[in-house]
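Visitor: could you work out the structure for the sequence below:
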Amino acid sequence: MRLEEAGPGAGARRARLMSPLRSIARSLRDVLHLRGVRDPGQDVDVEHDGVPAHFLLQPQHEEIGYTRFYFPQGKPILAQHLDLVLKKVAAAFDNFPNQQVPRHQFGVITKACDCPLYWKAPLFIACGGDKAGYVDVNSFLDYWRNLCSSCHNPASRFLSVLTRGQRDYLLPEDFIPLVQDVVETHPGLTFLKEATEFHSRYVHTVIARIYYCVNRSWSGRISLAELRRSNLLTVLKLLEDEDDINAITQYFSYEHFYVIYCKFWELDRDHDLFIDRHDLARHSDHALSSRLIDRIFSGAVTRGGRHKLREDRMSYTEFVWFLLSEEDKTHPTAVEYWFRCMDLDGDGFLSMYELEYFYEEQLQRMDAIGIETLPFEDCLCQMLDMIRPEVQGKISLSDLKRCKMTSIFFDTFFNLEKYLDHEQRDPFASQRDHDNEGRELSDWDRYAAEEYELLVAEEGGQDPQEDLRLEDEM
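Guide: Numbers count the residues shown, from 1 in each chain. The predicted model follows:
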């Protein structure tokens, strides 16, 4: 029966039910008094029907200690471990006069901190070495202790070092000291060291490739989360263990840089490091449709929300993104790149109208050279069967990312040469090659290797670096 139930005799029944509680409360107060224990509610308790409030359920106000599980900067390192690192660093400084280390020897200190070797240039700058030309032991120990107190894993420390603690994201210019140091000190690039006119082009190629793979948000800013999810720090570690720079195909390969730069050089007739839509149309013997080229220059694939100085020009770094996307259409960034170009109304879907718009020019080009064409309706059925979109009648970006044959899809609508090539061979046949260690090569790796061999053959075996220098002088 509910205590608040109304009706005749309800008050008497309520009193009988509450009586035992009052007796228990009085007994407990007597016991506490005899033992000298203060009644916890004697000053603040308010009795309810004679029962002290501290015998009723009350909300808990005391703080409860929860175990922390989210550490955006990494889990704090143990003080003992940090002390050991600092002792090792101090011992490394002892080997230099006045405990001062110049820039060209700062790799010793970098390794003493358990950092990859090629952090050395940005680390030297971050702790103030560029001002005096050296770093002394006391200033570095203070810097490293402060850094480790707030940045507890390699990714957060790397970001703080490159930005000098000023930002929580990386900009392209933050990478310049690091990549320039690779040019100047890596044994695989000694031949490039004296050709200073090509340093900036190699540096900007590497940085553009880093952003292409790491900056998944297209913001022009690499966040800590993007850095952690990428393989950039792993590749940086490989640089100190591999003398052949071309064995590291991601980001730093000189052969890849040579291929990209030569392709741009062929299109950039006035060599001002910009090309227009007419220059780009000559790429790969006019393989791309004019409608697709117009979309590229419309700003559809502009990064970071910035506006171009001129919409009719493409910079060298923008060309790097274009070529990477054109030659490996399975890469996530490439899928996004071409999806943006084909999504004319920006609604996040490729409609049948948009597909027909691009395919229409392909039909016209095939008719012009006397090639039998496939009607759009038949082509559309093939593409929908291949993509299997979740929403009937329109294709989303996620649909394309799930598909393993995005190259065939995109080439069908805007690259005539590759479209015809796909038509002449089995699209389901394995197209992948493997390197000397059995690892599967990407479409880009295979393309770069083939093009580099062709370029070297055209030069009659001449050193590519020497050839680039002669071309630049012309």
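Visitor: which outside residues touch the host helix or strand of residue 378?
Guide: Using DSSP states H and E, residue 378 maps to helix 376-387. Outside helix 376-387, the residues that touch it by Cβ atoms under 8 Å, 6 or more residues apart in numbering are 352, 355-356, 359-360, 363, 395, 399-400, 403, 405, 408-409, 412. Using the backbone N, CA and C atoms, a C-beta is placed for each residue, glycine as well.
Visitor: and those residues, which is closest to residue 216?
Guide: Of all the contacts of helix 376-387, residue 216 sits closest to residue 400, with 15.5 Å by Cβ to Cβ.
Visitor: follow-up on the earlier one: residues in contact with the next helix or strand after the helix holding residue 378?
Guide: With elements assigned by DSSP H and E, the helix or strand that comes after helix 376-387 is strand 394-396. If you take Cβ under 8 Å, 6+ apart as the criterion, strand 394-396 is touched by 348, 349, 350, 351, 352, 355, 384, 387, 389, 390.
Visitor: what pLDDT does the residue nearest the centre of the chain get?
Guide: Ranked by distance to the mean C-alpha position of the chain (Cα atoms, centre = their mean), the top residue is residue 214 at 2.3 Å. pLDDT, residue 214: 98.
Visitor: in this structure residue 406 contacts residue 335, no?
Guide: Yes. Counting by Cβ atoms under 8 Å, residue 406 touches residue 335, with 5.6 Å between them.
Visitor: what residues do these two have in common as contacts?
Guide: Here residue 406 and residue 335 have 329, 400 as joint contacts, going by Cβ under 8 Å, 6+ apart.
Visitor: among the contacts of helix 376-387, which ones are buried?
Guide: Buried members of these, counted by 16 or more other Cβ atoms under 10 Å: 355, 359, 363, 395, 399, 400, 403, 405, 408, 409, 412.
Visitor: ok, now which ones touch the third one?
Guide: So that's residue 363. 373, 376 are the contacts of residue 363 under Cβ under 8 Å, 6+ apart.
Visitor: export only the CA atoms of the helix or strand harbouring it, formatted as CSV.
Guide: Using DSSP H and E, residue 363 sits within helix 352-368. Taking Å, rounded to 0.1, in the frame of the first residue of the first chain, the C-alpha atoms of helix 352-368 are listed here in CSV:
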residue,chain,number,x,y,z
MET,A,352,22.8,10.4,-64.3
TYR,A,353,22.7,13.9,-65.9
GLU,A,354,26.3,14.6,-64.7
LEU,A,355,27.5,11.2,-66.0
GLU,A,356,25.9,11.8,-69.4
TYR,A,357,27.4,15.3,-69.5
PHE,A,358,31.0,13.9,-69.4
TYR,A,359,30.3,10.8,-71.5
GLU,A,360,28.8,12.9,-74.2
GLU,A,361,32.2,14.4,-75.1
GLN,A,362,33.7,10.9,-75.0
LEU,A,363,31.2,9.8,-77.6
GLN,A,364,32.0,12.9,-79.8
ARG,A,365,35.7,12.2,-79.6
MET,A,366,35.3,8.5,-80.5
ASP,A,367,33.0,9.4,-83.4
ALA,A,368,35.6,11.8,-84.7
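Visitor: what mean pLDDT does it get?
Guide: The average pLDDT within helix 352-368 is 97.
Visitor: again, but for stretch 444-462
Guide: Across stretch 444-462, the average pLDDT comes to 90.
Visitor: what are the buried residues along it?
Guide: Buried, per 16+ other Cβ under 10 Å, within stretch 444-462: 444, 445, 446, 447, 448, 449, 451, 452, 455, 456.
Visitor: using CSV, please lay out these together with secondary structure and distance to residue 377.
Guide: Shown next, in CSV, are the buried residues of stretch 444-462 (DSSP: H, G, I helix; E, B strand; the rest coil; distance: Cβ to Cβ, whole Å):
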residue, secondary structure, distance to residue 377
444, helix, 34
445, helix, 37
446, helix, 34
447, helix, 33
448, helix, 38
449, helix, 39
451, helix, 37
452, helix, 42
455, helix, 43
456, helix, 46
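Visitor: JSON lines for the residues you listed, including distance to residue 170?
Guide: Shown next, in JSON lines, are these (distance: Cβ to Cβ, whole Å):
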{"residue": "444", "distance to residue 170": "23"}
{"residue": "445", "distance to residue 170": "25"}
{"residue": "446", "distance to residue 170": "30"}
{"residue": "447", "distance to residue 170": "28"}
{"residue": "448", "distance to residue 170": "25"}
{"residue": "449", "distance to residue 170": "30"}
{"residue": "451", "distance to residue 170": "30"}
{"residue": "452", "distance to residue 170": "30"}
{"residue": "455", "distance to residue 170": "32"}
{"residue": "456", "distance to residue 170": "35"}
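Visitor: in a helix, residue 157, correct?
Guide: Yes. Counting by DSSP: H, G, I helix; E, B strand; the rest coil, residue 157 is part of a helix.
Visitor: that one against residue 146, yeah?
Guide: No. Counting by Cβ under 8 Å, residue 157 stays clear of residue 146, with 11.3 Å between them.
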